[in-house]
Structure formats: structure tokens, C-alpha cells
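# I'd like to go over a predicted model; first the sequence, then the structure.
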Amino acid sequence: MTGAKPGRHQRRPAPGADHVKHRRTRSGCYTCRSRRVKCDEGRPTCERCKKGSRECSYPDTAPSTSDSAGNRKSSQSSLTPPSDEFDDDVDVDRLESIPDVDEDLLDSNQSRHPLANSTHTLKQQKSQSRLSSETPSLVQDKASSPSPSTEGSIGYNAHVNKADQRLAKPPRLPAASDGGKPDWSGLPRDLQFYLEYYVSNVTHHHYYFKKDAGNFFHTTFIEAALRNKSLLYAIVGFSAFQRTLHNPEGKIQDFLQYYNKSVQLLLKSLRRGEGRNVETMYSILQLATIEEYLGDWVNLLSHQKAAYSILTSLFTPQSAMATHLNRVLLGWYYRFDVFAGLIGGFKTVLSEEWFAAKLQFYSHQIQVEPDNINWKIDETSTKINIIAMEMSVLFAKISKSEISIEQFNVENEIIAKKIQDFIPNMDPALHDSRYKVMDFTGARPRDPEDIVDPYEPGLIQEGVLWPINICKLDIYALDLMRLVQTAQILQIPTNEEEMLRPAFQVCQMFEAVEYWPGSPKGAILSCLASLGLAAIALPRDHRHMSWLRKKFAVVESHGYIYALTFRERISEIFQDPTCMEWWLPNGENYPPTIRSIRNFVEERTSTPRDEVTEDLRDMKALFGSLKLEDDKSNKSTPSDSKSMTDSNSPEWIQPNYISAYTTGTENHNAVHNSQQRWFGPEGFLMHDPNEYSPNEYRPNEYRPS
């Protein structure tokens, strides 16, 4: 890159506005770059990040390792722009390189970007320029900062009052990590439009991230997309999907065309051997996120395996924690790994070493900066991941008869104790009463048919401690999952008293997040996994079932499509076949787009490729042999007589990127027979399946029925 070009007009500060003139630096920390403020480059934490208790990381920092192999992998983890990966035959204008832009050039960038002007006026930018990702220290006097902000897309600000929190202002235009705005003005107008929609409406909550201290998804993520077309189309496809949900005339073709283009470009990149880089990893994880929204867990599993191969080729457990960007990437993969393992009934793909290295890193950061609340939140979230990993491994072992029942009971009790003590033993700073929500003014009136009180004072936390709400939900969900899986393993009925407590805690927290006016945009999506578990435990009377059905409709209306298997099992538990059609009676509030997506995905996933993908599709760990109390249901899910074999471990799964094209009506055996000639030893395509002649098996793209 070159320096800022001369001859540009500099923006004059608004009268009376605070303006600190400074020159952009390449060596400042990521957080100061994203906030577009001057960094004093103090090590290990700059003064601004220390004052605001923000996470502080530098682009060039990497822990030393004793072995040369570790050093080699650590060097590969740096996020340097790759060489031009774009295909000459793709019918899209070649992307421009990202110029060096200092913050005084924002006006000139915007003048070349008519779509930006239509959605983000200069006045809005100036009024929001002081809204940073400020993260207040919990050791300061809160009287000086009336209330932390809850604007999820740009972080939390200690100096924004509650009235401002509830204005639902659109986020500012994305600032590049070096202080400028990613310039997509050279893209086709449809791509520009969806990128604008993305930064205005999609937050880290849409990716199930608890926080986004460096505003990653609106800055670095988009910058990476401007270097990699597969990622660009994946992000645009996700943005188009979100917009389609809110467009009464939206159709699934509106976003599938971008999804398909992303997959095509990804396949070509992998075929050329250019795919082992961070941008490809981002592309795979973005595509996997779309598939999760579509309820397509079978095909998501193939992307997970490919992501694992790239992850382990780029990083060691230690180098993966070296920079903030690496940690974002690893955390994104962790979630898929843990979630798939828990609901599919198999071990996590990543070994315990990866989880231990992550915890060790955050524990060390807390020792260095004991008052930094971000490190404490990250450590807490990591401990939850470890409990989930331990559960996944334990239940997979007993399912394969690798351990005795006696050993299982001992280890299971240890996990139960960890879950029971987790919330009370969290760092006291994470229970800070100053951040408890005591006022629900502006929320809808209490429903007399409600099964919980969502407006209990102090139930949820705001501002910098908002992620703790999701941590608590995760613990409640793990408690439920452990009880359900234990009952399956021991072939005993679930204990109603044990199950009801965490189930009602999930429901109460879910509805509080849904109804509180200050909840960040997309926050409800962070709560959806736990809600499905609560459905197993709640009483089977009309009041509780009606409440659940309303909430399932809310979740799907936000774009998260419950898988067909889930709807089948809930239909059996409720003894109501209408759940299969839609959650509310007579198709009430049933968006046509959701109906089309459901039909489309059901056709694609009707034929699993192997026993592991079948277990994941059938949510075996959740519903496999569940026995419910007689007073709750007379029709428990039939026991699955199959026992898991060694081939059920994710390490044995044959990755299958063809899944991004095949539908459930295709010949299942043809996929297996052709795997050896299409895939290399590490699971990547050696040929582009679209280039096979018609008389050979030719997979299809996503096509709406």
C-alpha cells in the first residue's frame, strides 16, 4: 500500500466539535485503529485501551515458541493480503485494491459512493464520530458515566445516556483497521447496496458472538472480503438473506444467487491450491453460518471439516491466540465445533489442547491487566466452551463403550458440579450491580398468559456486561443438555424437578432479551439454541406449549430456520402434528419466504451421506432415545438402536464440498463412489464438479424448488 495521496481536500471540523488532529499510523493497536483515534503504542496495553479497559492487541505481536514448527505456523497466521485470487472468467469487475485512507478523506470517499450518501449522511457520521467502542472499567465510579451503551454493532460507550441507547441509531460507516473506511465504490451497485445494508443491520449477534470489541465484522471482515471474491459474495449473500426476511416480496433467489457464486469461487480457489489462507477460512465459516440459518446442519458439517483442515495448517494452539484477529477466527470455529458435537453426539474435532491454550491465554491477560473486564468476559466464555467440550467427549466415549458406566458417572458428576457452581463463582466484577437492568420502561405490557416474568429487576445486565446474559443462557442450556443426555445414556426418565429449573431460567432470560427496549440489534439470535432445549422440559399443558410455539415463530421470523428433525420431534413431544407446518395455528404470521426456505432445505437434506451426518441431522444427542415422564408425554421419541462406531468420530468424516450443490433427490451412492477421485487426502477438491461432462455425476447448485 502507499501513503495517503496528496492533493485531497481535508475535511474541516464542525464548529464547536472536538477535533484532535493526528496522522494515521500503521503500528497502533487494532482497537485504536478501528476507533479512528491516535494510539500511543504503549506495550502491552496502550493508554487509551488501559483507560477504557478495552482489549489491546498489535498486528506484529506473536508469542515465541520453542520449536521451529510452531514458529513456522505462527508466521503463517499473519493477515497479509494474499495475491490476486480472482478468476478472469468471473463476470464481475476486478476489485480495486484498498487505498491508504486517513480519516480526513472520508468525505471524498463518500462523495464517490452514492449509496452511502443515501443511507448514512455526513451529519449522521459527525454526530456519531464520538461513539467509540469504549468499554468502561468496572473499577471507576459509575456516577461519572450514567449508563453504558448497548449499541451492539459499534460496542459500548460509557458516556451515552439511556435515552440515546433506545434511539436505535444506525451504525457508522465501517472504518478500516488502519483508520479509513473500506472503499467498495468500485463494486457493482447490487454488491454496494448489500454491503451498506450489512453495516446498517447486521451485527456480531447475527453470528452468535457475545461481543465484538474491535468492530471486526464491520471493518476487518469487510476488508478481507475486498481482497477475496468468495468471501465478498458470502457476506453479500448473508446480507441479502437478512434483507429478504424483512422484504414482504423477498424470494430465496435473492440471496441464493450470491451464495452459489461464493461456493463456485471457493471451489475454484481450492482446486488451484490457493485456499490455505485466512480469507478462505472466513469464507467457509460465513457459508457455514448461512447453512446454520437455513437449518442445513448436514452440509454445514462438511464446511466445518474443511475449516478444521485450514485452521490446523495455519495455526498451532498457541499461535492461534497471538492476535485479536486470530482469536476471532478461532472463536468462530469453536462454536461450530462444540455445537455440532453436542447435538450430533460426537467429540469435538479440536483436541483439548486447543481449549486449554485459549484459557491459559486469557488467564494470563487477567494477571497482567486485572481490571480489564474484556479479558474476564473472554475467560468466562472460554470456561463455558471447555465444559461443553468435556461434555461432548464424555458422552461420545460412553456411546462408543470406551469407558464404563461407573467411570461415566464419576466424570458426569464432576461436570454437573462445574455447571452448578459456575455462575456463583464468576468474577465479582461480572456481577456488578451498576450494570443490572432495573427499568423496563418502554417494554410491552406483561402478557397474562406469560409463563415467566421477563421484567424482573436485575435479571439481565447491560452495557459492557451484556455478554454475561448470553454466558448465563449457555450455562442453563448445558445443564439441560447434560440432564437430557444422561437420561438417554442410563435409559431412565428425565427428572422433572431438575429439568424445570434451568428450563424456566432459559425462558425468562429469552423473553427479557426479546422485550427489553435496550437490547442490541440481533441479540435474540444468541438465545435460540437454549430455547429448543427448554421445550423438552416444560409442562405439556396448553399454556406452556402456546408460549413455546410463539417463541419458535419469533426465532424463525428472524431467519433461523429450525431443522425438519427438530420440528418432527417437537411435534411428537407436543402430540400436535400442526407444528410441522408452522408454529402458530392456521399459518398465522407465516412469512412466505420462510415457507420457501423450509421446503427447499427439506429437499436438500432428506438423504444423509453417512451415519455421522444422519446423527447430526436427526439431532441424536438431543432426541435419540429420550424418555419423558408419563405425565408429560405418552409418546416419547423411539429409541435409536444403532450404536456409534469408531467411524462416527468427526476425524473420520470424509469432507464433501459437493454438499454445497447436491440436493436430497440426487443419487446418494454416486457421491460416495466418486469421493476418492474428486477429493485429495486432506479433503479438498482436486477437480471442479461443474466441469464434468453431462454423462458423469454432476452436482447442482442451490436451486429453489
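Alright, I've got the coordinates.

# just checking, next helix/strand downstream of the lowest-mean-pLDDT helix or strand in the chain?
One helix or strand of the chain scores below all others by mean pLDDT, DSSP states H and E: helix 162-165, with a mean of 31. Next helix or strand after helix 162-165 toward the C-terminus (DSSP states H and E): helix 189-201.

# CA-only coordinates of that next one in PDB, if you can.
C-alpha atoms of helix 189-201 as PDB (Å, rounded to 0.1, in the frame of the first residue of the first chain):
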ATOM      1  CA  ARG A 189     -24.300  -1.400  -7.400                       C
ATOM      2  CA  ASP A 190     -26.100  -4.500  -6.100                       C
ATOM      3  CA  LEU A 191     -23.000  -5.500  -4.100                       C
ATOM      4  CA  GLN A 192     -22.600  -2.000  -2.800                       C
ATOM      5  CA  PHE A 193     -26.300  -2.000  -1.700                       C
ATOM      6  CA  TYR A 194     -26.000  -5.200   0.300                       C
ATOM      7  CA  LEU A 195     -22.800  -4.100   1.900                       C
ATOM      8  CA  GLU A 196     -24.500  -0.900   3.000                       C
ATOM      9  CA  TYR A 197     -27.400  -3.000   4.300                       C
ATOM     10  CA  TYR A 198     -24.900  -5.300   6.100                       C
ATOM     11  CA  VAL A 199     -23.200  -2.500   8.100                       C
ATOM     12  CA  SER A 200     -26.500  -0.900   8.900                       C
ATOM     13  CA  ASN A 201     -28.400  -4.000  10.000                       C
END
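
# buried residues in that helix?
Neighbour counts over helix 189-201 (16 or more other CB atoms under 10 Å) mark 191-201 as buried. Every residue, glycine included, has its C-beta placed from N, CA and C.

# can you check stretch 365-372 too?
Result for stretch 365-372 [16+ other CB under 10 Å]: buried residues 365-366, 369, 372.

# how about the secondary structure of Ile561?
coil (DSSP: H, G, I helix; E, B strand; the rest coil).

# check Lys38 too.
Per three-state DSSP, the secondary structure class of Lys38 is coil.

# quick check: the gap between it and Lys50.
Separation of Lys38 from Lys50 (CB to CB, to the nearest Å) stands at 14 Å.

# what about the buried residues of stretch 365-372, which are in helices?
Among these, DSSP state H puts 365-366 in helices.

# excluding sequence neighbours, find me the nearest residue to Phe504.
Val452 (6.0 Å; CB to CB, 6 or more residues apart in numbering).

# pLDDT wise, what is that neighbour at?
pLDDT recorded at Val452 is 96.

# okay, now the unreliable bits of the stretch 601-705 of the chain?
Applying pLDDT under 70 to the stretch 601-705 of the chain flags the ranges 605-705.

# same deal with the chain?
Across the chain, the ranges flagged by pLDDT under 70 are 1-26, 34-36, 53, 59-181, 605-705.

# any chance of the buried residues of helix 189-201 in JSON lines, plus distance to Leu538?
Below are the buried residues of helix 189-201 laid out as JSON lines (distance: CB to CB, whole Å):
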{"residue": "Leu191", "distance to Leu538": "44"}
{"residue": "Gln192", "distance to Leu538": "46"}
{"residue": "Phe193", "distance to Leu538": "43"}
{"residue": "Tyr194", "distance to Leu538": "39"}
{"residue": "Leu195", "distance to Leu538": "41"}
{"residue": "Glu196", "distance to Leu538": "41"}
{"residue": "Tyr197", "distance to Leu538": "37"}
{"residue": "Tyr198", "distance to Leu538": "36"}
{"residue": "Val199", "distance to Leu538": "38"}
{"residue": "Ser200", "distance to Leu538": "37"}
{"residue": "Asn201", "distance to Leu538": "32"}
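
# could you identify the most distant pair in the residues you listed?
Leu191 and Asn201 (15.8 Å; CB to CB).

# which of the residues in the helix or strand containing Glu353 are buried?
Secondary structure assigned from DSSP H and E places Glu353 in helix 352-368. Buried positions in helix 352-368, judged by neighbour count with 16+ other CB under 10 Å: 354-355, 357-359, 361-362, 365-366.

# show me the domain layout of this structure.
25-61, 82-130+170-293, 321-649 (automatic domain parsing).

# burial check on the residue nearest to Thr578 when sequence neighbours are not counted, number of neighbours?
Nearest non-adjacent residue to Thr578, counting by CB to CB, 6+ apart: Pro585, 6.9 Å away. By other CB atoms under 10 Å, 11 other residues sit near Pro585.

# list phi and psi for Pro585.
Note on Pro585: its backbone torsions stand at phi -60, psi 140 [degrees, to the nearest 10].

# wait, isn't it in contact with Asp576?
No: Pro585 lies out of contact with Asp576 (CB atoms under 8 Å); the separation is 9.8 Å.

# residue ranges of the helices in the stretch 251-400 of the chain, please?
With helices called from DSSP state H, counting those that start in this stretch, the stretch 251-400 of the chain shows them at 253-271, 278-293, 297-314, 324-344, 352-368, 373-399.

# need the winner for burial among these.
Mean neighbour counts were taken over those using mean count of other CB atoms under 10 Å, and the top value, a mean of 24, falls to helix 278-293.

# what separates Ala224 from Val328, distance-wise?
11 Å.

# can you check Arg501 too?
Look at Arg501 and Val328: by CB to CB, they are 34 Å apart.

# so Leu465 touches Leu430, yeah?
Yes: Leu465 lies in contact with Leu430 (CB under 8 Å); the separation is 6.4 Å.

# what touches both of the two?
Common neighbours of Leu465 and Leu430 are listed as 373, 377 (criterion: CB atoms under 8 Å, 6 or more residues apart in numbering).

# can you give me the first-to-last residue distance of stretch 347-358?
With CA to CA, to the nearest Å as the measure, stretch 347-358 spans 18 Å from end to end.

# which residues are in contact with that stretch?
Contacting residues not belonging to stretch 347-358 are listed as 304-305, 308, 317-318, 320-321, 327, 330, 333-334, 337-338, 341, 382, 385-386, 389, 392-393, 396-397, 649-651 [CB under 8 Å, 6+ apart].

# switch the cut-off to 7 Å
308, 317-318, 321, 337-338, 341, 382, 385-386, 389, 392-393, 396, 649-651 (CB atoms under 7 Å, 6 or more residues apart in numbering).
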